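Trainee: task: produce atomic coordinates for the following.
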Amino acid sequence: MPAEKDYRNLVSLLKHLKPILDDVADHEAPQDEALSKECEELDIAVNEAREFLEKWSPRKSKLLFVLRSKPYVLKIQISSIKLSRVLHGLSESLPTNSTLSNAQFCVQESQNLKLGQLSEHIEEILRRQKEGKTPDAEHLMEIIESFNLGSSQELLSESIALENEKQKAQDSKGKGDLDQISQTVDLMSHIRDCVVELGNFKALNGIQIPSYFRCPLSLELMLDPVIVASGQTYERAAIQKWLDHGLVTCPKTGCRLSHKNLIPNYTVKALIANWCSENRVELSNNPDSAKYRRCSMPF
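Mentor: Got it, this is the predicted structure:
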């Protein structure tokens, strides 16, 4: 699950808070209004985060999930800091030193937790995009690694998930959501460029696949190129998966497709076959094996 590290850190912090609360209750400390208030606030924050997490599905956009997750984790952190400080004050009057030291630890831990850093990097890139600036390559690479977007399947799945979210936002006329989603779609374009440029994506034994032979969706070498209604060419399996999810726009142009027919692009297929022959790249028809491999030099 995206942002899992943030939630694990929060769970660890809450586990440290529980025994302190138990100690305060066991020693029958006088009812403290501030303690009750902060406990209620933390309970609300945790329940809101739980409800948000329960809506997560692997078919949803990971990038959007992390962006939308940040307010929940920060709210829990702020509530934890306030509660830790109240408990620290109360534990000073208790006979056990361990409760006081545990409370001091929780105050320090809750303040030092670095949550939502991945979200901050995404937000920074979105800000730079709006200003017309080039995204920071280091942040882009961190996002690619964190979401495993070096994988063609993950790239395709995230693109489909974002387009689904975009269509829902358009249908509901949620302008704020639509702006955020559109900016994240633009971010995916930068991610694709970065994957190809910096990651040397799917090079075959050191031979780089020409960009015009790659599927714009999966970035894989196209083995069965097809033309869609917009005139763009894609790998059949990738664009079919896109269409099977009920998407009706061209991934590259964003234009609505007038029909869903996939027309074989024999010209591109012949050019790819010729390139493979010249570079001794053997295409495989076996779906259980690699789709292509580099042939050995004959002796």
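Trainee: CA only for contacts and neighbour counts going forward, please
Mentor: Noted.
Trainee: and what about E282, helix, strand or coil?
Mentor: Following DSSP: H, G, I helix; E, B strand; the rest coil, E282 is assigned to strand.
Trainee: what's the answer for I209, then?
Mentor: Quick answer, by three-state DSSP: I209 is coil.
Trainee: and the one 10 residues further on, by the same measure?
Mentor: Each residue gets one of three states, and L219 gets coil by three-state DSSP.
Trainee: low-confidence stretches in the stretch 101-250 of the chain?
Mentor: 174-176, 198-206 (pLDDT under 70).
Trainee: and the helices in it?
Mentor: 117-130, 137-146, 152-172, 175-199, 236-244 (DSSP state H, counting those that start in this stretch).
Trainee: distance to V73 and mean neighbour count added to those helices, as TSV?
Mentor: Below are the helices of the stretch 101-250 of the chain laid out as TSV (distance: least, CA to CA, whole Å; neighbours: other CA atoms under 10 Å):
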stretch	distance to V73	mean neighbour count
helix 117-130	11	17
helix 137-146	18	16
helix 152-172	22	19
helix 175-199	19	16
helix 236-244	32	18
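Trainee: export those as JSON lines, with columns for distance to F65.
Mentor: Supplementary listing: these in JSON lines, determined by distance: least, CA to CA, whole Å:
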{"stretch": "helix 117-130", "distance to F65": "9"}
{"stretch": "helix 137-146", "distance to F65": "13"}
{"stretch": "helix 152-172", "distance to F65": "11"}
{"stretch": "helix 175-199", "distance to F65": "11"}
{"stretch": "helix 236-244", "distance to F65": "20"}
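Trainee: relative to P71, which of these is closest?
Mentor: helix 117-130 (10.1 Å; CA to CA).
Trainee: one step back: who wins for proximity to Q208 among the helices of the stretch 101-250 of the chain?
Mentor: So among these, helix 175-199 is nearest, using CA to CA, at 9.4 Å.
Trainee: hmm, who's touching that closest one?
Mentor: For helix 175-199, contacts defined as CA atoms under 8 Å, 6 or more residues apart in numbering pick out 63-64, 125-126, 129, 135, 137, 140-141, 144, 149-150, 159, 162-163, 165-166, 169-170, 201, 219.
Trainee: run the angle between it and helix 152-172 for me.
Mentor: 160 degrees (axes from the mean of the first three to the mean of the last three CA atoms, to 10 degrees).
Trainee: and helix 175-199 with helix 117-130, angle?
Mentor: 100 degrees.
Trainee: what about helix 175-199, distance to the chain center?
Mentor: On the basis of CA atoms, centre = their mean, to the nearest Å, helix 175-199 sits 11 Å off its chain's mean C-alpha point.
Trainee: same deal with stretch 15-32?
Mentor: For stretch 15-32, the distance to the chain centre is 38 Å (CA atoms, centre = their mean).
Trainee: in it, what's buried?
Mentor: 16-17, 20-21, 23-24 (16 or more other CA atoms under 10 Å).
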